[in-house]
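Engineer: Here you go, sequence then predicted model.
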Amino acid sequence: MPKLRFAMICASNVNRSMACHAELQRAGLHVRSFGVGASVKLPGRSAAEPNVYEFGTPYEAILRDLRAKDAAFYARVGLEAMLERDARVKPAPERWQAARAPGDVFDAAICFEERVMEQLVEDMSGRVQTAMRPLLVVNVDVKDSHEEAARVAPQALALCRALEACASWEAGVDAALAEFERKFKRRAFYTVCFY
């Protein structure tokens, strides 16, 4: 059976999706990660002044910008280490809605927030469905913090491995999610979209 193609999805493609992307990549799974927001938003010195970047802005450029603004602050709050990790995984954050090339077809997308899942499903619903190839869309709500992103990464890996172990994910998804919920005490639900 061929390996499944996974997409890790969060709002900005810098924390939860990238922690999981790095974990799955180290394990040898076929994975990419995306954000669904209009832009990449990172915390600033205050809630009223976030740092906002366009998708496609290299992680290294974001890191340089934050260091120029206040290197000590962004190192202390963990953004520096997070962006250094991200830059080792891939060059820049990618937006799900722009992923329309033939190679941008996945078997399963794991979302880490219900509103993110809703945005992904809305995007898929607006696409012309020509191949009728299914996309399993799973949501696992995860707080957007460095600690929770690190905690969910091995859990996402376990879920993806469980889906790959099924003769077909269509037949095994309910059992895989039930086992995931039992083992990790995280609620997971899914829907199916089509390419």
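Structural biologist: Arrived safely, thanks for sending. Residues are numbered from 1 along each chain as shown.
Engineer: And the average pLDDT for the helix ranked longest in the chain is what?
Structural biologist: Ranked by residue count under DSSP state H, the longest helix found in the chain is helix 146-165. For helix 146-165, mean pLDDT is 97.
Engineer: Summarise which helices and strands whichever helix or strand comes after that helix is packed against.
Structural biologist: Using DSSP states H and E, the helix or strand that directly follows helix 146-165 along the chain is helix 169-184. The elements that helix 169-184 packs onto, with contact taken as 3 or more Cβ pairs under 8 Å, 6 or more residues apart in numbering; DSSP states H and E, are strand 134-140, helix 146-165, strand 188-194. Quick note: C-beta positions are derived from backbone N, CA and C, even for glycine.
Engineer: Can you tell me which helices and strands the first one packs against?
Structural biologist: This points to strand 134-140. strand 108-111, helix 114-126, helix 146-165, helix 169-184, strand 188-194.
Engineer: ok, 10 Å please
Structural biologist: Other elements packing on strand 134-140 under the criterion 3 or more Cβ pairs under 10 Å, 6 or more residues apart in numbering; DSSP states H and E are strand 5-10, strand 108-111, helix 114-126, helix 146-165, helix 169-184, strand 188-194.
Engineer: Of all these, which one comes closest to residue 22?
Structural biologist: When the helices and strands packed on strand 134-140 are compared by Cβ to Cβ, helix 146-165 sits nearest residue 22, at 7.0 Å.
Engineer: Show me what the closest one is packed against.
Structural biologist: strand 5-10, helix 16-26, strand 30-35, helix 79-89, strand 108-111, strand 134-140, helix 169-184.
Engineer: Next, the angle from the helix-or-strand element of the chain with minimal mean pLDDT to strand 188-194.
Structural biologist: When each helix and strand of the chain is scored by mean pLDDT, DSSP states H and E, helix 169-184 comes last, with a mean of 94. Put simply, helix 169-184 runs at 160 degrees to strand 188-194, going by axes from the mean of the first three to the mean of the last three Cα atoms, to 10 degrees.
Engineer: orientation of helix 169-184 relative to helix 146-165 in degrees?
Structural biologist: Using the same axes, to 10 degrees, helix 169-184 lies at 140 degrees relative to helix 146-165.
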